[in-house]
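Engineer: Predicted model and sequence follow; I will ask about them next.
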Amino acid sequence: MHRFYVDTPISEPGMRVALSPEESAHAARVLRLRAGEEVRVLDGEQLWEARLESVDPGETIARITALCPSPEAPAQAVLVQGLPKADKLELIAQKGTELGMWELWPVEMERSVAKADRADKAQKKRERFSRIAMEAAKQSGRAHVPAIAPVLSFAQVLPKLTEFDLVLVAWEEEHALPMSRAIANHTATHGVPRRVLIVIGPEGGISRREWEQLAQHGALSVTLGRRILRTETAGLCALSVLWAALGEM
């Protein structure tokens, strides 16, 4: 079933919502949908059944018919990604969304080769990443569109660790504690975590000083296996391990 994103928050069945000009043109000219067809609409937080009342390239109108069961995981997984080079954040935003990421926090770390852009360029990049996440949410049947944070400093992240039930750091110096076991241990003792923070270093990895600061705030270092993963692969692997450990995969 075709899925569309709307900016308008949806509160109940019976509401009429207008698709954006871009989504309307896609429905009319690319998909060639007709009035009366069933679609799904997401507003960034929930997924709804809807019926098209009118289809026009300029403005397509849909009437909400029912709330869909939530496809979201029981835990909100926020990915802290050490700022990578080139366009790797595009891949991480897209695939992380498909894998159930709740938010993406790009962070400038000690060993980040890439540096934060000036404000105007950074905003354009963030808007592009947000569009990529929105399209990925539609494609994968998500109800929630992950928020893409502006580039943060490492110091800005540390105070936020207290907001999470479980903070896991994929650190290449850790060899004893697999991520899956750390999650199982936490779940056995404290139940399913409501919010999980996963920290991934940039291409150069996480420095020992950064790890010590994370540990002081209650983070656990974990291993993703004996193979060294690229930074754009590690976060996606970690999300998969998290869901498998929580019975989601």
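Structural biologist: Received the coordinates, thanks.

Engineer: going forward, measure contacts and count neighbours with C-alpha atoms only.
Structural biologist: Will do.

Engineer: low-scoring pLDDT stretches of the protein, where are they?
Structural biologist: Flagging of the chain using pLDDT under 70 yields an empty set of residue ranges.

Engineer: Kindly provide the distance from the residue positioned nearest the centre of the chain to Phe4.
Structural biologist: The centroid of the chain falls nearest to Met101 when counting by C-alpha atoms, centre = their mean (3.1 Å). According to C-alpha to C-alpha, to the nearest Å, Met101 and Phe4 sit 19 Å apart.

Engineer: Kindly list the main-chain dihedrals of Ala62?
Structural biologist: Here is the backbone geometry of Ala62 (degrees, to the nearest 10): phi -130, psi 140.

Engineer: Give me the helices and strands touching the longest helix anywhere in the chain, please.
Structural biologist: Secondary structure of the chain per DSSP state H: the longest helix is helix 119-140. In terms of contact count using 3 or more C-alpha pairs under 8 Å, 6 or more residues apart in numbering; DSSP states H and E, helix 119-140 is assigned the packing partners strand 3-5, helix 88-98, strand 147-148.

Engineer: again, only this time at 6 Å
Structural biologist: With contacts defined as 3 or more C-alpha pairs under 6 Å, 6 or more residues apart in numbering; DSSP states H and E, the packing partners of helix 119-140 are helix 88-98.

Engineer: For the closest residue to the residue nearest to the centre of the chain other than its chain neighbours, give the beta-bridge partners.
Structural biologist: Closest residue to Met101 apart from its sequence neighbours, by C-alpha to C-alpha, 6 or more residues apart in numbering: Ala77 at 5.4 Å. Per DSSP bridges, residues listed as beta-bridge partners of Ala77: Met101, Val196.

Engineer: Now for Ala77: which residues touch it?
Structural biologist: For Ala77, the set of contacting residues under the criterion of C-alpha atoms under 6 Å, 6 or more residues apart in numbering consists of Met101, Trp102, Val196, Leu197.

Engineer: contacting residues for the third one?
Structural biologist: Val196 makes contact with Ala77, Phe164, Leu166, Val167, according to C-alpha under 6 Å, 6+ apart.

Engineer: still on that earlier bit, with the contacts of Ala77 in mind, which one is nearest to Ala182?
Structural biologist: Distances from Ala182 to the contacts of Ala77, taken as C-alpha to C-alpha, are shortest for Val196 (12.0 Å).

Engineer: can you map out the strands along this structure?
Structural biologist: Along the chain, the stretches classed as strands by DSSP state E are 3-5, 16-18, 38-42, 47-54, 61-67, 76-82, 101-108, 147-148, 152-153, 166-170, 195-200, 220-222.

Engineer: For stretch 234-249, which outside residues touch it?
Structural biologist: Residues from elsewhere that reach stretch 234-249, judged by C-alpha under 6 Å, 6+ apart: Ser180.
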